[in-house]
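K.L.:
A predicted structure for the sequence below; I have some questions about it.
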Amino acid sequence: MSKLDAYELEVLGAYESGKLKPSAGKAELQRLRAAARATAIKDKRVNIRLSSVDLLDIQAKALEEGMPYQTLIASVLHKYVTGKLSESRPPATGARRRLTPRSS
């Protein structure tokens, strides 16, 4: 095991002492498991180029979601091509468009 920095040691200590509580309920865990299953069958490899900023944002979002960033990318792409993710209207300020889940 590699050496841990101070923050990692703090998190590990909190985990081992039982101070960390799951942030997802049963429904959220089921949703995440379903997303993982939907993206688990991987028989092709794809290489893409992303901006550094986009990759950092994706990695941060994946960390929030508790999954590897490659899994998040695959999940978003899967949702988009299956129609479960659609492009929202751009704000009047001209900011970047966001993809949002369609309501079921």
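P.N.:
Received the coordinates, thanks.
K.L.:
Run through this protein and note the low-pLDDT ranges.
P.N.:
Within the chain, the stretches with pLDDT under 70 are 1-2, 39-40, 90-104.
K.L.:
What helix or strand is Leu29 located in?
P.N.:
Here Leu29 sits within helix 26-40, counting by DSSP states H and E.
K.L.:
Which other helices and strands does that helix contact?
P.N.:
Judged by 3 or more C-beta pairs under 8 Å, 6 or more residues apart in numbering; DSSP states H and E, the packing partners of helix 26-40 are helix 69-81. No exception for glycine: its C-beta is placed from N, CA and C like everyone else's.
K.L.:
export the helix holding Leu29 as CSV, just CAs?
P.N.:
Extracted as CSV, the C-alpha positions of helix 26-40 are listed here (Å, rounded to 0.1, in the frame of the first residue of the first chain):
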residue,chain,number,x,y,z
LYS,A,26,-31.4,2.0,-0.7
ALA,A,27,-33.1,3.5,-3.7
GLU,A,28,-30.0,5.4,-4.7
LEU,A,29,-27.8,2.3,-4.3
GLN,A,30,-30.2,0.4,-6.5
ARG,A,31,-30.0,3.1,-9.1
LEU,A,32,-26.2,3.1,-9.0
ARG,A,33,-26.1,-0.7,-9.2
ALA,A,34,-28.4,-0.6,-12.3
ALA,A,35,-26.2,2.0,-13.9
ALA,A,36,-23.1,-0.1,-13.2
ARG,A,37,-24.8,-3.2,-14.7
ALA,A,38,-25.9,-1.2,-17.8
THR,A,39,-22.3,-0.1,-18.4
ALA,A,40,-20.6,-3.3,-17.2
